[in-house]
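Novice: Sequence plus the predicted model coming up.
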Amino acid sequence: MSDTKQTAPGCPMHAPAPTADTEWHGAQMDFSKDMSYGDYLGLNQILHAQHPLSPNHNEMLFIIQHQTSELWMKLMLHEMRAVRTHLQGGELPPAFKMLARVARIMDQLVHAWDVLATLTPPEYTAIRPYLGASSGFQSYQYREIEFILGNKNAALLNVHASTPEYPLLQEALNTPSVYDEAIRLLARNGLPISDARLHADVTRPTEADESVRNAWLEVYRDPTRYWALYELAEKLVDLETAFRFWRFRHVTTVERVIGFKTGTGGTAGVSYLRKMLDVVLFPELFALRTLL
Ligand code: HEM
Ligand SMILES: N[C@@H](CC(=O)c1ccccc1NC=O)C(=O)O
């Protein structure tokens, strides 16, 4: 490990390591040969990846807000891919554990907007010209999250054409969503699902299906008989609810900061983001509530 250790010259956070005879409550002090905290976590890469382009003080907040969001998104994807595999295998307890974690990560991202909301319009206006045409619209991890939850849109792949992420996103588009797998599980548990739904084009966004709604309705009318499916449904509702809050905080924060300006990504801005509030990921799980 020692030959991979790097130093950051001139950085006060990375002063020379203390000598081996320095003692503090028995703690190991010399990591010239052993893997340290920073080595394990790759902090040299992470903490040297903030490169403000403007002279404005507040750009650091903007950068770190997005970088931390992307890290949490990475974990969400890691968990959701595993959820999908567990649903395929009918292993519900581990899937529940992971779905609960994903919903809490989404909650974390919802609350993170409180930090960014301290960025005022004049502060952001000082940064915005330096952003060029870059925009969260180009976040490939966000797009993969949308895809894995079933909000597929092949046209949006074009943003990533000729990037290393393109094949990954293409695969995400072509792979059944977590919700598709939940519906297959309903069918495997003897609940009648239409052939049209079971063989629906997985590259298209989820469309409400009557047989799926009726299947979930049966689950909700007899929870004790279908307890695991009932729990799965509620976990999915938790996740969609948290996602809706995220979208809402995004659009309200954007309106607060840039008003109705056109987005750097080329969309109309707030009116585009408001349209996205109408997206329903798991339509039947919400539709059935009116019927109970
Ligand atoms: C001051 C802060 C922010 C502003 C003014 C802002 C503005 C916008 C605008 C106007 C759009 C529409 C696309 C465009 O034309 O650019 C957008 C999309 C997007 N933003 Fe932000 N945003 C902010 C912060 C964030 C943060 C912190 C994230 C977290 C990663 C984020 C993630 C996204 C994503 C994923 C999209 C695409 C949404 C979709 O297509 O449904 N944004 N943003
Ligand atoms: N679309 C934003 C720019 C923006 O927010 C942004 C730019 C670069 C990196 C991340 C961003 N955040 C989310 O869209 C705007 O129109 O001001």
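Specialist: Sure thing, it's come through. Ligands and ions are numbered 1, 2, ... in the order given.
Novice: Any idea which residue of the chain lies closest to ligand 2?
Specialist: residue 136 (2.6 Å; C-beta to the nearest ligand atom). C-beta coordinates here come from the backbone N, C-alpha and C atoms, glycine included.
Novice: ok, that residue - how many residues close by?
Specialist: Neighbours of residue 136 under the rule other C-beta atoms under 10 Å: 15.
Novice: do the same with residue 260
Specialist: Quick note: residue 260 (other C-beta under 10 Å) scores 10 neighbours.
Novice: which SSE is the spatially closest residue to the residue of the chain closest to ligand 2 that is not a sequence neighbour in?
Specialist: Excluding its sequence neighbours, the residue lying closest to residue 136 (C-beta to C-beta, 6 or more residues apart in numbering) is residue 142, at 6.7 Å. Using DSSP states H and E, residue 142 sits in helix 140-148.
Novice: Ligand 1 contacts on the stretch 1-150 of the chain?
Specialist: 65, 66, 69, 116, 119, 124, 135, 136, 137, 139, 142 (C-beta under 6 Å from any ligand atom).
Novice: where does the second one land on pLDDT?
Specialist: Read that as residue 66. Per-residue pLDDT puts residue 66 at 98.
Novice: now do the fifth one
Specialist: Note for residue 119: predicted pLDDT of 96.
Novice: What of the third one?
Specialist: According to the predicted model, the pLDDT of residue 69 comes to 98.
Novice: any idea how far residue 246 is from the closest residue in space to it that isn't next to it in sequence?
Specialist: Of all residues beyond its chain neighbours, the one nearest residue 69 is residue 109 (6.0 Å), with distances taken as C-beta to C-beta, 6+ apart. Using C-beta to C-beta, to the nearest Å, residue 109 is found at 5 Å from residue 246.
Novice: Can you give me the neighbour number for the closest residue to residue 59 other than its chain neighbours?
Specialist: Using C-beta to C-beta, 6+ apart and skipping the chain neighbours, the partner closest in space to residue 59 is residue 52 (4.0 Å). By other C-beta under 10 Å, 14 other residues sit near residue 52.
Novice: I'd guessed the residue of the chain closest to ligand 2 sits against residue 159; true?
Specialist: No. Residue 136 sits out of contact with residue 159 when judged by C-beta atoms under 8 Å, with a separation of 11.3 Å.
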